[in-house]
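In: 3D model of this:
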Amino acid sequence: MCQIVRVQWTIVPLTPPRPWIACSGCGGPRPFQSSGKVRLNANGRRLDAWLIYRCSACEKTWNRPIFERRNVRDIDAATLAALQSNDPDWIEGLAFDVEGLRQRAQRIDEFGDVDVRWRVLGDVGPVDAMEIDMVVQQRACLRLDRLLAAELGISRPRLWVLQTEARLRVHPERADGLRRRIRDGMRAVIVPEGDAERHALLDACARRLAPD
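Out: Numbering: from 1, shown residues only. The predicted structure is shown next:
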């Protein structure tokens, strides 16, 4: 019987993208980073809302518009509550909204640092194959081959060989193969060749699931 170890990776990007904005303090474009704080301004029944960014060099601020002159009745209750409480999860989602940032900045720095949380969906035993389901909470600037190599302890060139030999399959299938960025809902199935690769996968499970 083929022993398939099924795991779930919850992948949490750590550094939000940084737009380059003309900084009044530095006298030229500089990368700005989210402060994690929003600003609300009321004018009668209309609201303005901004996410506050700070220059990475001099701490000057830039207010990224969330909306302007919006009638309170047109703002859903959850969004209004998140703004009023500076809800960190809601703000983080906005900070990772690269497409929204592209409307404000021509250059955006993205980062590939992530935290990967493993969960085994069943028992861990002899490994004939490993199936990895990926949950990506925010957009991540990280190639799939880099993630797999870092987490599994298998080199990137070897991963490409395994894909060529149909021992590594990624769903949904795409022409860019392992070069693609990781996305929510991706699944990778790897069939190791030989005891060394089987032990590498078992060691990866043991290492990532060991108590702190």
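
In: and the helices in the protein?
Out: For the chain, helices defined by DSSP state H occupy the ranges 77-85, 88-95, 98-102, 144-152, 156-164, 194-209.

In: most tightly packed of those helices?
Out: helix 144-152 (a mean of 20; mean count of other C-beta atoms under 10 Å). Any C-beta I mention is one placed from the backbone N, CA and C, and that applies to glycine too.

In: what mean pLDDT would you report for it?
Out: Mean pLDDT, helix 144-152: 95.

In: now do stretch 109-122
Out: 91.

In: now swap in stretch 178-193 and tell me
Out: pLDDT averaged over stretch 178-193 gives 94.

In: low-confidence ranges in this protein?
Out: Applying pLDDT under 70 to the chain flags the ranges 1-2, 124-125, 209-212.

In: would you map the strands across it?
Out: Ranges of strands in the chain, per DSSP state E, are 4-13, 18-23, 28-43, 46-55, 61-71, 108-109, 114-120, 129-136, 168-171, 187-190.

In: direction included, what does the third one pair against?
Out: Right, the one you point to is strand 28-43. strand 18-23 (antiparallel), strand 46-55 (antiparallel) (DSSP bridges).

In: one more: the shortest one?
Out: Using DSSP bridges, the neighbouring strands of strand 108-109 in the sheet come out as strand 18-23 (antiparallel).

In: of all the strands paired with strand 28-43, which one comes closest to Val38?
Out: Val38 lies closest, by C-beta to C-beta, to one member of the strands paired with strand 28-43: strand 46-55, at 5.5 Å.

In: list the buried residues for the closest one?
Out: Buried residues in strand 46-55, counted by 16 or more other C-beta atoms under 10 Å: 47-55.

In: before we move on, back to that, among the helices of the chain, which comes closest to Arg183?
Out: Closest among those, once you apply C-beta to C-beta, is helix 144-152, at 8.9 Å.

In: quick one: list the elements packing against the closest one.
Out: strand 114-120, helix 156-164, strand 187-190, helix 194-209 (3 or more C-beta pairs under 8 Å, 6 or more residues apart in numbering; DSSP states H and E).
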